[in-house]
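Chemist: Starting from these lines, generate the structure:
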Amino acid sequence: MDIISSTCMVALFNTVWQGCLTNVAYDVIEEVLHLETFILKIKNNHQLNQYLASALAKCFINAQKHIANECIEELKRNSTQANYRGLITYKPEQNHIDIHNLQHKIDSLKKQLAFIKKNPTSIPLFSLTEIEQLLASKAGADCSTPISLIDKLLPLALENCPVVIYEQKLKHKTSGLFQKISNCFLEEVVEYELLYRIFTTLSQARTSTNVQKNHEELLNIKKLLEELNNFQQKNVLSKTLPSSNYEQDLHVSLHHKLLTQSEDYLVDYSFYSDCCKEIDKPGALIRVKAPLKWGKTYLMMHILNYGNQKGYKFVRVDFKQADSNVFINSEQFLKWFCSKITDEINLSDKLDEYWRQTRGTKRNCSNYFEKYLLASIDNPLILGLDDVDLLFSNLTTAHDFFSLLRSWHEDAKVKPIWQKLRLILAYSREDNIFLPQNQSPFNVGKNVELQELSQKQVFQLVQKYQVNLDEEKVKQLMAMVGGHPFLLMTALEQIAYEKLTFEEFIKTAPTEEGLYGDYLLRYLTYLEDNQELREAIQQIINANAPVKIDAKNASKLRNMGLVKSKGNSVEILCDLFRLYFKDRLEVNS
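Modeler: This next block holds a predicted model:
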């Protein structure tokens, strides 16, 4: 299957590089980061070369697919739909023809993606001549899209799809093919920790108003480039787009890094082994509950990786990626959910064929899974549902979806086809929705609660990051941030990369000047807007010992990761929160 030429690969990389460097102070780039440095690493590293080629091809295909889907939705909105003997048609007729052509294009693109996954070496690599061509183009110096680039890529995207609206959207200056390519590329490189750090830092730099921080990040990239000779592909499955939040990007990056290690630092091997044994069971359901930023995604990705090695199909659904209007009503949400799963396992979208107005929404969704999705695959399908508690913003949608998950789990006990479906639910709380006991997925299957890291695990992390901390300093570190995985790993990475010293960290951590400034401010804002929780946290800090508070408030504060249980009482998790909230909430002790 001829997907893309090697010449177009060069044009694609040029696009991605320019997209990252748009609006970045070019004198800073010239000082610390040269395209020549990066591209020569590609020349000298066959594995990196192969990965970049594959990632670029996939982002080009996904960009086209995204735009084609946008066009279909717009055409459907501007059409009158008719149903004749089960056949859906659209008026005017030209819209029907365009929708058909676009759907055919999407199906073709899905086949290309499937082919790349099975044959990654089929994508042409960068040759020496093409590298020289890329260097000569001086990508980054001129951030406008070259005419030659349009000439190379646009005909490929328009091939076998003569649809006017599709061509218009491909050519759109701010949201067209080239912008989509850059965005999709970031989604692809999230699998590769080093490249992920390089390109997300570049992307963050273009929106940064802090010139000094921007400069420091780019200097750090220079160090990362020196590591490219030791580049290794990471066995990571998540496809989470980088957020604009630095802590979140760092958090995701660290999860990817940890997953590649032979030794597990967050939980014992036997713990992982139990979860993997559970997912092997027909109709399995695993519930992973922990406070925010506590390692839920890390555990889920580990289980998905295990399933992938056994030949299972898998999809991780991150509900943070869904547009807010998706949750408005159950039908819209369940259609989005079905479409998401269909797309991720490379099947054609057949919602129009299986969705009937005479059935209820939940029955339609179940029918689509049972008669189409599960019937189309031979091996088990693992669905990793991340941050499912985001659905609580719409109680009707949440009630319908969670009761549906419970019914699927129960169906697996009597219907063999549902035994293919394995579910992982990751969440921080379930106290915002009240479901009858026989309709809730939160009281069946295997319950997993992630605990704080132990002192032994923290020592292992310190050794992993090669940070020179003696036993006394490790105790100081744990006093400041406890066994909180995100807080610990964030601190150790910053110290390891010499962005601050241990002494500077201890001094500034519980302040808005420090490493967790934005993180603490978000919690402060939430507490200031919630009088009950604010008074509860003040009471806990004042007590200087475990204290009993209202059970509902205690549960909410535990879910936020601010306190921990001591019997039926709670106490503040660590000095970071004690010192910060004592000052900002003016607690008297």
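Chemist: mind listing the strands for the stretch 51-200 of the chain?
Modeler: When secondary structure is read from DSSP state E, counting those that start in this stretch, the stretch 51-200 of the chain shows strands at 80-84, 87-91.
Chemist: Now do the buried residues in the last one.
Modeler: Buried positions in strand 87-91, judged by neighbour count with 16 or more other CB atoms under 10 Å: residue 90. Heads up, the C-betas are built off the backbone N, CA and C, glycines and all.
Chemist: among the helices and strands of this protein, which has the poorest mean pLDDT?
Modeler: Ranked by mean pLDDT, DSSP states H and E, the weakest helix or strand in the chain is helix 246-259, scoring a mean of 36.
Chemist: helix or strand right after that one?
Modeler: Using DSSP states H and E, the helix or strand that directly follows helix 246-259 along the chain is helix 269-279.
Chemist: Please enumerate residues in contact with that next one?
Modeler: Residues outside helix 269-279 that contact it (CB atoms under 8 Å, 6 or more residues apart in numbering): 264, 284, 286, 299, 302-303, 306-307, 382, 422, 424, 445-446, 448.
Chemist: Could you identify which of those residues has the most neighbours?
Modeler: residue 424 (31 neighbours; other CB atoms under 10 Å).
Chemist: Using the three-state scheme, assign that residue.
Modeler: What DSSP: H, G, I helix; E, B strand; the rest coil gives for residue 424 is strand.
Chemist: Tell me how far the nearest residue to residue 462 once chain neighbours are set aside lies from residue 508.
Modeler: Spatial nearest neighbour of residue 462, chain neighbours left out: residue 469 (5.2 Å); criterion: CB to CB, 6 or more residues apart in numbering. Distance of residue 469 to residue 508, computed by CB to CB, to the nearest Å: 17 Å.
Chemist: more crowded one of these two?
Modeler: residue 469 (18 against 15).
Chemist: That one against residue 478, yeah?
Modeler: No. The pair residue 469 / residue 478 is not scored as a contact, 10.6 Å apart, by CB atoms under 8 Å.
Chemist: can you count the residues close to residue 389?
Modeler: Residues near residue 389, counting by other CB under 10 Å: 20.
Chemist: Now do the domain split for this protein, please.
Modeler: Here the domain parsing of the chain from automatic domain parsing is 6-258, 267-331+380-449, 455-508, 518-584.
Chemist: Between these, which has the poorest mean confidence score?
Modeler: Least confident of the domains of the chain, judged by mean pLDDT, is domain 6-258 with a mean of 64.
Chemist: wait, doesn't residue 295 sit right on residue 483?
Modeler: No. If you go by CB under 8 Å, residue 295 and residue 483 don't touch, sitting 10.7 Å apart.
Chemist: Compare neighbour counts for the two and give me the winner.
Modeler: The neighbour comparison of residue 295 against residue 483 (other CB under 10 Å) goes to residue 295, with 25 against 18.
Chemist: Could you report the separation of the more buried one from residue 282?
Modeler: 27 Å.
Chemist: Longest helix in this structure, please.
Modeler: helix 46-77 (DSSP state H).
Chemist: Report all helices and strands that that helix contacts.
Modeler: helix 6-21, helix 35-44, helix 93-118, helix 147-158, helix 164-171, helix 177-189 (3 or more CB pairs under 8 Å, 6 or more residues apart in numbering; DSSP states H and E).
Chemist: Remind me what the fifth one packs against, helices and strands.
Modeler: Contacts of helix 164-171 with other secondary structure elements, assessed using 3+ CB pairs under 8 Å, 6+ apart, are made with helix 46-77, helix 93-118, helix 147-158.
Chemist: looking at the ones you listed, which is buried most?
Modeler: Most buried of those, by mean neighbour count (mean count of other CB atoms under 10 Å): helix 46-77, with a mean of 20.
Chemist: Specify the angle between that helix and helix 164-171 in degrees.
Modeler: Taking axes from the mean of the first three to the mean of the last three CA atoms, to 10 degrees, one finds that helix 46-77 is oriented at 140 degrees with respect to helix 164-171.
Chemist: Could you pull out the helices in the stretch 301-450 of the chain for me?
Modeler: 330-344, 351-354, 361-368, 395-411 (DSSP state H, counting those that start in this stretch).
Chemist: now the angle between helix 361-368 and the longest one, please.
Modeler: Here helix 395-411 runs at an angle of 40 degrees relative to helix 361-368 (the same axes, to 10 degrees).
Chemist: Now do helix 395-411: everything it contacts.
Modeler: 283, 285, 327-330, 333-334, 337, 361-362, 365-366, 369, 388, 391-392, 418, 421, 423, 425, 433, 435, 438-442, 444-445.
Chemist: now with 7 Å?
Modeler: The contact list for helix 395-411, computed with CB atoms under 7 Å, 6 or more residues apart in numbering, reads 283, 285, 327, 329-330, 333, 361-362, 365-366, 391-392, 418, 421, 423, 433, 435, 439-441, 444-445.
Chemist: repeat for stretch 93-101
Modeler: Against stretch 93-101 from outside (CB under 7 Å, 6+ apart): 72, 75, 76, 78, 79, 89, 90, 161, 162, 163, 165.
Chemist: mind putting those in CSV, distance to residue 273 included?
Modeler: Compiled in CSV, the contacts of stretch 93-101 are given as follows (distance: CB to CB, whole Å):
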residue, distance to residue 273
72, 44
75, 50
76, 48
78, 54
79, 53
89, 54
90, 52
161, 48
162, 54
163, 51
165, 52
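Chemist: nearest to residue 346, of these?
Modeler: Of all those, residue 72 has the smallest distance to residue 346: 17.8 Å, by CB to CB.
Chemist: Contacts only, for the closest residue in space to residue 549 that isn't next to it in sequence.
Modeler: With sequence-adjacent residues excluded and distances taken as CB to CB, 6+ apart, residue 549 is closest to residue 536, at 5.0 Å. The neighbourhood of residue 536, defined by CB under 7 Å, 6+ apart, consists of 549, 550, 553, 557.
Chemist: what separates residue 536 from residue 176, distance-wise?
Modeler: 50 Å.
Chemist: same check, this time on residue 520
Modeler: 40 Å.
Chemist: One more: residue 506?
Modeler: Counting by CB to CB, the gap from residue 506 to residue 176 is 49 Å.
Chemist: and what of residue 547?
Modeler: Using CB to CB, residue 547 is found at 58 Å from residue 176.
Chemist: neighbours of the residue lying closest to residue 110 once chain neighbours are set aside, just the number please.
Modeler: Nearest residue to residue 110, sequence neighbours excluded (CB to CB, 6+ apart): residue 346, at 5.1 Å. Residue 346 has 14 neighbours, counted by other CB under 10 Å.
Chemist: Much appreciated, bye for now.
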